[in-house]
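Colleague: Fold the following, please.
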Amino acid sequence: MGSSVGASHAVIPAHLLKGQKALVTGANSGIGMATAVALGRAGADVVVNYVADPEAADKVVEQIASLGVRAAAYQADVSREDQVTAMMDRMVQEFGTIDILVANAGMQRDAALTDMTLAQWQKVIDVNLTGQFLCAREATKEFRRRGVVPEVSRAAGKIICMSSVHQLIPWSGHVNYASSKGGVQMMMATLAQELAPHRIRVNAVAPGAIRTPINRSAWETAEAREDLLRLIPYDRIGDPDDIANAVVALASDLMDYVIGTTLYVDGGMTLFPGFATGG
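Modeller: Okay, here's the model as predicted:
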C-alpha cells in the first residue's frame, strides 16, 4: 500500500488575484470549499454558492473573510435558469462585477444502465452540464459588458469548468456522470473557441481521486485505500487543495496564454496504470 500522504499546502501569493471577484458554485463543501478559500487567500473577493446547508456555507464565508477579503453566501440551484440569472444579477449589484467563474457544482446518482431511471439520468445532466452552461452564459454577459480592466487582469474574464478524469475514462455504473463530464469537456472547448476573441479564457480542471466526504468509502479503510492506490501511479490520494491550487493558477495572469485546456489533476490516473507492465 502506498503512503497516501496528504498534499503539501502550497503558499499562494496574496496578491495573485487581488481586486478580482470570484463565484464558486457548490462551494460549501469538498473541492468547492477548498477552491473558494484558496481564491480568497490569493486576494479575490468570493461568492460562495450553495443549494443546501446554509450553515456550512456561512462557515466557509467566515473562513474566507478572515483572510481580509470580502465573501458572501448565495443560495441557488445551478440547474434552474431563473436562479442562476438572479444569482449573477445579485453578484454584479453587490460586488460590482465578476472576474472569475468556477463552475464546480456537481452530483452523482449512480445505477447500472438497466436500473437507471430517466430522473436519475436527467438530474445529473441538469446539474453537471446544464448548470455549467447557464453559469458560463450569465458570467460571459458581464465579462463582455465590462471588458478588460488591465489593472485587474489581462483577461476580460476567466471561466474554469470542473470536469473529471471520467471525461476520458469510461465508468461502468455511472453512465449519467461520465456522460455529463464528457459534455463538459466539449462545452468548455467550444466556449473557449468562441470567447477567446473577446479576451475571455475558458479552461477546465479534471480531478482524479480526491479525498472528500462524498467518496469516503473509497479511501477510509486500509483495504479500500489500497485498491484505489492501484489506479494512481503517484501513490497518494489527492486532497481538495490539489484542485484548489490548480484553479487559482488557471484563474491568474500566470496562465494568460492557456485557452481551452483541461488540466488533469489526478496523480497520473489518466496514464492507464493497468498497462504499466505491458497490459
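
Colleague: From here on, just use CA atoms for contacts and neighbour counts.
Modeller: Fine.

Colleague: for the chain, what helix or strand is lowest in average pLDDT?
Modeller: helix 222-229 (a mean of 87; mean pLDDT, DSSP states H and E).

Colleague: Go ahead and measure how far it is from the middle of the chain.
Modeller: 25 Å (Cα atoms, centre = their mean, to the nearest Å).

Colleague: before we move on, what about stretch 215-235?
Modeller: For stretch 215-235 - counting by Cα atoms, centre = their mean - the centre lies 22 Å from the chain centre.

Colleague: Just give the number of residues close to the closest residue to residue 210 other than its chain neighbours.
Modeller: Among residues not flanking residue 210 along the chain, residue 238 sits closest, at 4.4 Å (Cα to Cα, 6 or more residues apart in numbering). For residue 238, the neighbour count with other Cα atoms under 10 Å is 23.

Colleague: List the pairing partners of the host helix or strand of residue 48 within its sheet, with orientation.
Modeller: Residue 48 belongs to strand 45-50 when assigned by DSSP states H and E. In the sheet, strand 45-50 lines up against strand 21-24 (parallel), strand 71-75 (parallel) (DSSP bridges).

Colleague: Out of those, which one sits most buried?
Modeller: When you average the neighbours per residue for each of these (mean count of other Cα atoms under 10 Å), strand 21-24 leads with a mean of 28.

Colleague: ok, and what's touching it?
Modeller: Strand 21-24 has contacts (Cα atoms under 8 Å, 6 or more residues apart in numbering) with 32, 35-36, 39, 44-49, 95, 97-104.

Colleague: switch to 6 Å and redo it
Modeller: 44, 45, 46, 47, 48, 98, 99, 100, 101, 102 (Cα atoms under 6 Å, 6 or more residues apart in numbering).

Colleague: before we move on, the earlier item: tell me the mean pLDDT for the strand holding residue 48?
Modeller: Averaged across strand 45-50, the pLDDT comes to 98.

Colleague: Quick check: next helix or strand after that strand?
Modeller: Following strand 45-50 in sequence, per DSSP H and E, is helix 54-65.

Colleague: ok, and for that next one, which residues are buried?
Modeller: Across helix 54-65, burial judged by 16 or more other Cα atoms under 10 Å covers 56, 57, 58, 60, 61, 62, 63, 64, 65.

Colleague: Spatially nearest residue to residue 173, not counting backbone neighbours?
Modeller: Closest to residue 173 by Cα to Cα, 6+ apart is residue 112, at 4.4 Å.

Colleague: Tell me the one of the buried residues of helix 54-65 nearest residue 187?
Modeller: residue 57 (28.2 Å; Cα to Cα).

Colleague: Return the per-residue confidence for residue 4.
Modeller: pLDDT, residue 4: 39.

Colleague: I meant to write residue 24 there.
Modeller: pLDDT at residue 24 comes out at 98.

Colleague: what about it, distance to residue 241?
Modeller: To residue 241, residue 24 is 15 Å away according to Cα to Cα, to the nearest Å.

Colleague: and the nearest residue to residue 255 once chain neighbours are set aside, how many neighbours does it have?
Modeller: Spatial nearest neighbour of residue 255, chain neighbours left out: residue 249 (6.6 Å); criterion: Cα to Cα, 6+ apart. Applying other Cα under 10 Å, we find 17 residues neighbouring residue 249.
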